[in-house]
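Engineer: Coordinates for the following, if possible.
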Amino acid sequence: MNAFPVTRLALVLIFCLFPAVLLADALTGEAEQQATNWPAIIMFALFVAATLWVTRLAAKRVRSASDFYAAGGGITGFQNGLAIAGDYMSAASFLGISAQIFASGYDGLIYSTGFLVGWPIILFLLAERLRNLGRYTFADVASFRFAQPPVRVFAAFSTLAVVTFYLIAQMVGAGQLIKLLFGLDYAYAVVIVGVLMTCYVLFGGMIATTWVQIIKAVLLLGCASFMAFAVLAGFGFSPEAMFAAAVEVKGDLALAEGAAPADAASQGLSIMGPGGFIKDPISAISFGLALMFGTAGLPHILMRFFTVPDAKEARKSVLWATGWIGYFYILTFVIGFGAITMVATDSSFLAADGSLRGGSNMAAIHLASAIGGDFFLGFVSAVAFATILAVVAGLTLSGASAVSHDLYASVFKRGEADPETELKVSRRTVPVLAGLAIVLGIAFEKQNVAFMVSLAFSIAASGNFPVLLMSVLWKNCTTRGVVAGGTIGVVTALVLTILSPAIWVSVIGNETAVFPYSSPAIFSMPLAFLTIWLVSITDRSGRAATDRAGYPAQKFQAETGIGAVGASGH
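Structural biologist: Modelled structure (predicted):
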């Protein structure tokens, strides 16, 4: 594979950045465009140059489908744990959770907790079995003992649905972030992300994607650690003093707005208690279910377990990832409360109406400015954008693999596709997905896309997770059961989300929602499990007998690793 086009693309992209800066002008939309941030532009250009150099090196090592899809199975548990953390710690985590804590205090932890507690499920139920049974995609595991075409068709379309909604949210987030942080035009930002993610995946495959995610994880963890350290240092490393100061600030702000002293004190203390973010218990439980079990069904996360050489390294991956992710979410908690004490009290970070300058998600960015001035602000801005690049690279590779490996090679070619042709199909899919992401990202610029992330997790929790769990752990599961249950779970999640307030009221404009809850997972996920069970136990076909007879062999390989695909040699 000739790597020189990557170098030329790096030069093109760097030269594209500066005309974009010059052409940036005022935009209307959800976010307020800021003045050009040159430190951020320079650091972002350095990050792009470094990661494209990594991609150039990775391109030399991509010689087979295994290298492209799974990095040849040669990534260590520690490296893969960092890469998973880099794939999982998105800009929504860094900016969104800290902003939610800045606004609501303790309640922002519902995101941190929900995102984190899914990992023990993966560790104890899935990680080892995924590595022992799979090759490139989670469909390899789900269809291990079943009829290949129907299960892989479901898995491919479920993967593409999750990837599409996740990609739209990331692309819109990228455009809004760059408009906020760099002063660039929204469309330029979306196109830059699309071109970069194409470079990473097209030339370097999983090897380049892995190292981009590792670099991003190290930068983000280092950046967040410094911010949290600086905040705590201002309070003598006493979290109690920090919380007390935040309560006092919130109370003073309420007093300034005209609240009575008793009410102001109550409002200040409210940030240390739950209940202000999601008040409806059914929505809270459903939201938590989607976050917890959706993690165990995200295709771009599950795909990472095929990059390690064996099940032992897969378990190590989850342990390291859980540690890094948990540590990161603790940091976001400190950053959010630090922003209350250092940003909410500084008028230079506030608009005329008292809101955050630049939008509600800017709390962590303004905190970076308060801590380290323009230089550190530029660094944090570049890291925030780097988080999106790493996530969209993993999503794109996951979508391309579903098309080439699950649909083309396993369904259309019945498992007899030439590996080189399969690889060509995957590479041709990458720019198609990138183009689709750019078009949808621009089309959804002014829409509230929070529901898309929620929908991605709901689909993963309602379709991929039940299919994966039942196919691996239940001996009586059948092809008809997993296809029917998975399909009903995904369709139910999709329909109920459309009928929920997030779309039916906020987007379509109706007065009241047909489905009153914020997340469908509490209904769609049990329905998927029930359908898998009911259809499987009533299935008396010859195919069902074959499916049940294949369980002992599947269980033996899943728990021993004997017969599992090994790492490719170089």
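Engineer: Which stretches in the stretch 301-450 of the chain count as helices?
Structural biologist: Per DSSP state H, counting those that start in this stretch, the stretch 301-450 of the chain carries helices over the ranges 311-342, 363-401, 419-443, 450-459.
Engineer: ok, and for the first one, which residues are buried?
Structural biologist: Applying a neighbour-count criterion of 16 or more other CB atoms under 10 Å, the buried positions in helix 311-342 are 311, 313-322, 324-326, 328-329, 331-342. No exception for glycine: its C-beta is placed from N, CA and C like everyone else's.
Engineer: now do the third one
Structural biologist: Residues of helix 419-443 classed as buried under the neighbour-count rule (16+ other CB under 10 Å) are 422-423, 425-427, 429-431, 433-434, 436-438, 440-442.
Engineer: got any ranges where this structure has weak pLDDT?
Structural biologist: 1-36, 92, 180-181, 275-277, 446-451, 566-570 (pLDDT under 70).
Engineer: wait, which of the buried residues of helix 419-443 is closest to residue 526?
Structural biologist: residue 440 (30.9 Å; CB to CB).
Engineer: what sits against the closest one?
Structural biologist: 164, 167-168, 171 (CB atoms under 8 Å, 6 or more residues apart in numbering).
Engineer: which two in these are spaced the farthest apart?
Structural biologist: The farthest-apart pair in the contacts of residue 440, when distances are taken by CB to CB, is 164 and 171, at 10.6 Å.
Engineer: Those two: which is more packed in?
Structural biologist: Each of residue 164 and residue 171 has its neighbours counted (other CB atoms under 10 Å); residue 171 has more, 30 against 20.
Engineer: and the strand or helix carrying the more buried one, how far from the chain's centre?
Structural biologist: Using DSSP states H and E, residue 171 sits in helix 148-181. Averaged C-alpha coordinates place helix 148-181 at 9 Å from its chain's average position (CA atoms, centre = their mean, to the nearest Å).
Engineer: how big is the angle separating that helix from helix 363-401?
Structural biologist: If you take axes from the mean of the first three to the mean of the last three CA atoms, to 10 degrees, helix 148-181 sits at 150 degrees to helix 363-401.
Engineer: Next SSE downstream of helix 148-181?
Structural biologist: Next along from helix 148-181, by DSSP H and E: helix 186-233.
Engineer: Just want the most central residue of the protein.
Structural biologist: The residue lying closest to the centre of the chain (CA atoms, centre = their mean) is residue 88, at 4.9 Å.
Engineer: So that one is in contact with residue 118, correct?
Structural biologist: No: with contact defined as CB atoms under 8 Å, residue 88 does not reach residue 118; the gap is 9.6 Å.
Engineer: shared neighbours, these two?
Structural biologist: By CB under 8 Å, 6+ apart, the residues touching both residue 88 and residue 118 are residue 295.
Engineer: returning to that earlier point: need the contacts of residue 440 in CSV with distance to residue 506, can you?
Structural biologist: Formatted as CSV, these follow (distance: CB to CB, whole Å):
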residue, distance to residue 506
164, 20
167, 21
168, 16
171, 20
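Engineer: Tell me the spacing between residue 287 and residue 458.
Structural biologist: 9 Å (CB to CB, to the nearest Å).
Engineer: and the two? which has more neighbours close in?
Structural biologist: residue 458 (36 against 24).
Engineer: From residue 50, how far off is the more buried one?
Structural biologist: 36 Å.
Engineer: distance between the ends of stretch 517-526?
Structural biologist: 16 Å (CA to CA, to the nearest Å).
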